[in-house]
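Chemist: Kindly generate the corresponding structure for this input.
(chains A and B)
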Amino acid sequence: MVVLALLGGGCGRRKAEAGPAAAPATFGLGRPATADEIKAWDIDVMPDGTGLPPGSGSPAQGAVLYERKCAACHGKTGTEGPADRLVAREPRQGFPFGRDPTLVKTIGNYWPYATTLYDYINRAMPLNAPGSLAPDEVYSLVAFLLWRNEIIASTAVMNAQTLPRVLMPAHDRFVLDNRRGGPEIR
Amino acid sequence: MTDAPISRRALLAGAAGALGAHALRQAGLAQAPAPAAPPDPTKVPGQPTSALGQRSTFERPRRIPSGSGQGVSLSPLQDFCGIVTPADLHFERHHAGVPTIDPHRYKLLVHGMVERPVVFDLEALKRFPAVSRLHFIECSGNGSAGYRETRPDLSPQLVDGLTSTSEWTGVPLATLFREAGVKPGAKWFLAEGEDAAVMTRSIPIEKAWDDALIAYGQNGEALRPEQGYPARLLLPGWEGNANVKWLRRIEVADRPFMTREETSKYTDPLAHCTARMFSFVMDAKSIITFPAYPVTLPEKGWWEITGIAWSGRGRITRVDVSTDGGRRWAPAELQQPVFAKCHTRFRHLWNWDGTEATLSSRAVDETGYVQPTLEQLRKARGLGTHYHFNHIRAWRVRRDGVVSFEPEG
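Modeler: A predicted model of the protein is given here:
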């Protein structure tokens, strides 16, 4: 009965009981982010070097750190594992990973950007103490791994200016996804 | 492929072998502990109500976990009916373990190329108009067990257990982007997790305007910790890794960030000396989940072949089933309603005459894409490719009813 009365009233007065409100352009929810909290979390590093902090490191400095913090998982020379193999330039020609399932992907033969090394080591390594390395330590480890992969000289120093200029062997090997659905198998 | 009995040595050889042995132990009801059931349940009062329900003690579905913090756990596809995956059996893939996040301290930061850098706590996320949608999530490495080397003693769980479907509830990312005011020229955004890997992926911004969600609900309750509690990115139809869990930060930009997970991992080497990157969409795929290893059919006669099909590009429009190794195909019945980018249950009635049979399924999606054969996929991608293994799977049924996995559909 109540329902009928409401319906009748609604019909009589036209739109007295409105439907759901139209959604606004914005709801005004959330709060402005402070500069400090953005700075605390904004740790990503891009291929052009955006996001790289001040600091520097050399292969020699990195070798000491690698022995202490990385070798237990990645092996004495970066080739032994058991975690991801980090060092290898072979195969030097042709990038035949799609044809040969036995090939192991490493920094030297597969990673397209040197800056990714800084970004990843800084955020996620070492596995038992992620995010614990200072910028100089990260630069040093990046320098050591690039040197071990025969990409930079043993005397090269990595910093916010030099690292983005390192050209990785696999840099030109990556293509965008060309699958589009439809009948073609790609 | 051989009919020879599988030796214990073969089963235990390597990690995959250990998984096979584990699956055997889990399979079937014979190994389940005997529950206390009265001879006649109508003659004794039953159990009282309870604050939290439990599965029947006769049912013991289990994931198969492997690895440690960087491991996976495979979902028991052969134990499911319908299309929804129970949340406690949803597959797992973590890069540095499952973090414990206090929902009262949780915040999501949206910054970068936006007019108003903004922080949302969980209450704010839940105040926005919500949507609930059924979608699958599939790890892009799912199905690798059948691509290069394979064995007959693989169950649906071991072949394709890295896919699951849930009803996800959350706020469209587009709503949050309108709230923050995305600037002209923005083309990508970085999604970052609050796990110990602080895992990141770059996502084309079109996906945010299309159907991306910030999900906080899974099958009617809060997300499970393994699925990203308290909130995750959900990119319907896109490879699992890009659906960043425990989401804490989104940075809008005009270019991709080239993170480790989109360069050294989750890229697909191709036959012609290149590697495909940002290969987000999961192409159409299907697998028969019954009959399948380790089932033995006890007798000939009527059996219902059933399984799941899914496509990251939209709806499944047809699933064909073959019982003769792909020579003849017949359309299976699709459970209605069929949702886009969601597991679709198919069923096909089969009168087994007791002769040897090879059962396979072939999914077709609304773009006209037809699930490829193993040969087609190898030709297009190369034997050494990685990720996106969506070729046709098959099961061989012997005269004695023993069923084994067969990679060649």
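Chemist: only C-alpha atoms for contact and neighbour calcs from this point on.
Modeler: Will do.
Chemist: Touching, B:Glu299 and B:Asp353? I think so.
Modeler: No: using Cα atoms under 8 Å, B:Glu299 is not in contact with B:Asp353, being 9.2 Å away.
Chemist: Could you tell me which residues within the strand or helix carrying B:Lys379 count as buried?
Modeler: B:Lys379 is part of helix B:374-381, with elements assigned from DSSP states H and E. Buried positions in helix B:374-381, judged by neighbour count with 16 or more other Cα atoms under 10 Å in any protein chain shown: B:Leu374, B:Leu377, B:Arg378, B:Ala380, B:Arg381.
Chemist: hey, C-alpha coordinates of it in PDB?
Modeler: Extracted C-alpha coordinates of helix B:374-381, given in PDB (Å, rounded to 0.1, in the frame of the first residue of the first chain):
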ATOM      1  CA  LEU B 374      51.300 -26.600 -31.400                       C
ATOM      2  CA  GLU B 375      52.900 -26.600 -34.900                       C
ATOM      3  CA  GLN B 376      51.300 -23.300 -35.800                       C
ATOM      4  CA  LEU B 377      52.500 -21.600 -32.600                       C
ATOM      5  CA  ARG B 378      56.100 -23.000 -32.900                       C
ATOM      6  CA  LYS B 379      56.200 -21.800 -36.500                       C
ATOM      7  CA  ALA B 380      55.100 -18.300 -35.500                       C
ATOM      8  CA  ARG B 381      57.200 -17.900 -32.400                       C
END
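Chemist: so A:Leu117, which of the three states?
Modeler: Counting by DSSP: H, G, I helix; E, B strand; the rest coil, the backbone at A:Leu117 sits in helix.
Chemist: quick revisit: please tabulate the buried residues of helix B:374-381 in JSON lines and include pLDDT and distance to chain A as additional columns.
Modeler: What follows is the buried residues of helix B:374-381, written out as JSON lines (pLDDT from 0 to 100; distance: Cα to the nearest Cα, whole Å):
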{"residue": "B:Leu374", "pLDDT": "95", "distance to chain A": "11"}
{"residue": "B:Leu377", "pLDDT": "96", "distance to chain A": "7"}
{"residue": "B:Arg378", "pLDDT": "95", "distance to chain A": "9"}
{"residue": "B:Ala380", "pLDDT": "96", "distance to chain A": "5"}
{"residue": "B:Arg381", "pLDDT": "95", "distance to chain A": "7"}
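Chemist: how much space is there between the residue nearest to B:Gln70 when sequence neighbours are not counted and B:Gly401?
Modeler: The spatial neighbour of B:Gln70 that comes closest, neighbours along the chain excluded (Cα to Cα, 6 or more residues apart in numbering or on different chains), is B:His95 at 4.3 Å. Separation of B:His95 from B:Gly401 (Cα to Cα, to the nearest Å) stands at 40 Å.
Chemist: sorry, back to before: which ones are touching the residue nearest to B:Gln70?
Modeler: Going by Cα atoms under 8 Å, 6 or more residues apart in numbering or on different chains, B:His95 touches B:Gly69, B:Gln70, B:Gly71, B:Ala196, B:Ala197, B:Met199.
Chemist: residues near B:Ala196, how many?
Modeler: Counted with other Cα atoms under 10 Å in any protein chain shown, residues neighbouring B:Ala196 total 21.
Chemist: how far away is it from B:Ala180?
Modeler: On the measure of Cα to Cα, B:Ala196 and B:Ala180 end up 27 Å apart.
Chemist: ditto for B:Met113
Modeler: Distance of B:Met113 to B:Ala180, given as Cα to Cα: 9 Å.
Chemist: got it, and A:Tyr66?
Modeler: To B:Ala180, A:Tyr66 is 42 Å away according to Cα to Cα.
Chemist: number of nearby residues for the residue of chain A at minimum distance from chain B?
Modeler: Going by Cα to the nearest Cα, chain B is nearest to A:Pro101 of chain A, at 3.8 Å. If you count neighbours by other Cα under 10 Å, A:Pro101 ends up with 15.
Chemist: Listing request: residues of chain A with sub-threshold pLDDT.
Modeler: A:1-18 (pLDDT under 70).
Chemist: Can you tell me, leaving aside adjacent residues, what's nearest to residue 119?
Modeler: No chain was given, so I picked chain A. Take A:Asp119 and drop its neighbours on the chain: the residue closest to it by Cα to Cα, 6+ apart is A:Val45, 5.4 Å away.
Chemist: meant chain B actually
Modeler: Spatial nearest neighbour of B:Val119, excluding adjacent residues (Cα to Cα, 6+ apart): B:Leu109 at 4.5 Å.
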